[in-house]
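Visitor: Provided below for reference: sequence and predicted model.
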Amino acid sequence: MNAAEPIRRGAGGRPPLARKGDIEERLLDAATRLFLELGFEGTSCDQVAQEARAGKASIYARYANKTALLTAVIEYKLGRLLKDAAPATADAPLRERLLGAADAVVGQLLQPDAVALLRLIVAEAPRLQSGATGAARILDRIGERHIAMAIAARPAGTNAQAAGDVAGAAAPAAALVDRVLAPALLRALLGAEPATLRQAAHAALPTAVDTLIGSGLLDGWE
C-alpha cells in the first residue's frame, strides 16, 4: 500500500464501505495483469497485494486461496467483456438483431486481451473444474448469452416463441458461435493474429446469419 495514500479506516479498523469496492477492483485488476503476464504459478498473492497497493489481508478476506482469486479474475473479466455492448432493439428485424449482437461478440472476443484471458483459462483448466468456471459457463459468458438475448428481444405476443425467453434462444445462439467465433478463437489461441481473425469473422457474419436463419433453428423468432 502506498504510504502517501493510506486507506482511511471506518469503525473497527475496517475500510469504509465506499472504499471496499475500490479495493476489490484494484485487487482484481492487479491479479489480472499478473496472471496474464506471469501465469498462475509465477504469480503470488504478495505480488498481487503490492501491485494493487493493498494489504495481503485484503486478499484473504475475499478469496480463500490463489485459485479462488483466479476464479474471481475470470468471472470479473468475462463479465466486463460485453458490458458496453448495446442491447438489441426489440423492434428490429431478426437478421439485424443477430448481426448486431454477433458483431459485438466478435469485436470484443477477438481482442488481444480477451484472447490472452482465454489462453489463461485453457492453461489452468484442471484447476477450474467448478460450476463457476466450467466450459459451459465460460461459453455462455463469452457470447452465447448476448446473442440469445438479441434473438429473444422482441415485442411480447408477436410470435410463437415468448419474447425474452433467453434460455429458449440458446440453441441457435450456440450454433452461430460455433460457426463463426469458435473457429476464430481456436486459431487465435494457436497464435494467429487476432486483428486478422477479427476482420475475417466480421466478413463471414452475414453469410453465417443467413445460413442460420435458413436452417429452421430460428423459426418462430422473427
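Guide: Alright, I've got the coordinates. Residues are numbered from 1 along each chain as shown.
Visitor: gap between stretch 172-183 and the chain center?
Guide: The chain centroid and the centroid of stretch 172-183 are separated by 16 Å, computed with Cα atoms, centre = their mean, to the nearest Å.
Visitor: then that stretch to PDB, C-alphas only?
Guide: The C-alpha coordinates for stretch 172-183 follow below in PDB (Å, rounded to 0.1, in the frame of the first residue of the first chain):
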ATOM      1  CA  PRO A 172     -29.500 -21.000 -32.200                       C
ATOM      2  CA  ALA A 173     -27.100 -18.700 -30.400                       C
ATOM      3  CA  ALA A 174     -24.700 -21.600 -29.800                       C
ATOM      4  CA  ALA A 175     -24.900 -22.600 -33.400                       C
ATOM      5  CA  LEU A 176     -23.900 -19.100 -34.500                       C
ATOM      6  CA  VAL A 177     -21.000 -19.000 -32.000                       C
ATOM      7  CA  ASP A 178     -19.800 -22.400 -33.200                       C
ATOM      8  CA  ARG A 179     -19.900 -21.400 -36.900                       C
ATOM      9  CA  VAL A 180     -18.100 -18.000 -36.600                       C
ATOM     10  CA  LEU A 181     -16.500 -17.400 -33.300                       C
ATOM     11  CA  ALA A 182     -15.300 -20.800 -32.000                       C
ATOM     12  CA  PRO A 183     -13.000 -21.500 -35.100                       C
END
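Visitor: for that stretch, which positions count as buried?
Guide: Buried residues in stretch 172-183, counted by 16 or more other Cβ atoms under 10 Å: 172-177, 179-181. In this view, the C-beta of every residue, glycine as well, is placed from N, C-alpha and C.
Visitor: turn those into TSV, columns for pLDDT.
Guide: Formatted as TSV, those follow (pLDDT from 0 to 100):
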residue	pLDDT
Pro172	94
Ala173	93
Ala174	91
Ala175	94
Leu176	94
Val177	92
Arg179	92
Val180	92
Leu181	90
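Visitor: Gly220: which of these is nearest?
Guide: Using Cβ to Cβ, Pro172 comes nearest to Gly220 of the buried residues of stretch 172-183, at 10.5 Å.
Visitor: hang on, the earlier thing: just checking, which of the buried residues of stretch 172-183 belong to helices?
Guide: Assigned to helices by DSSP state H, the following of the buried residues of stretch 172-183 qualify: 172-176.
Visitor: and the next element down the chain from the lowest-mean-pLDDT helix or strand in the chain?
Guide: Within the chain, no helix or strand scores below helix 135-139, which has a mean of 57 by mean pLDDT, DSSP states H and E. Counting by DSSP states H and E, the next helix or strand C-terminal to helix 135-139 is helix 145-152.
Visitor: brilliant, that's me finished.
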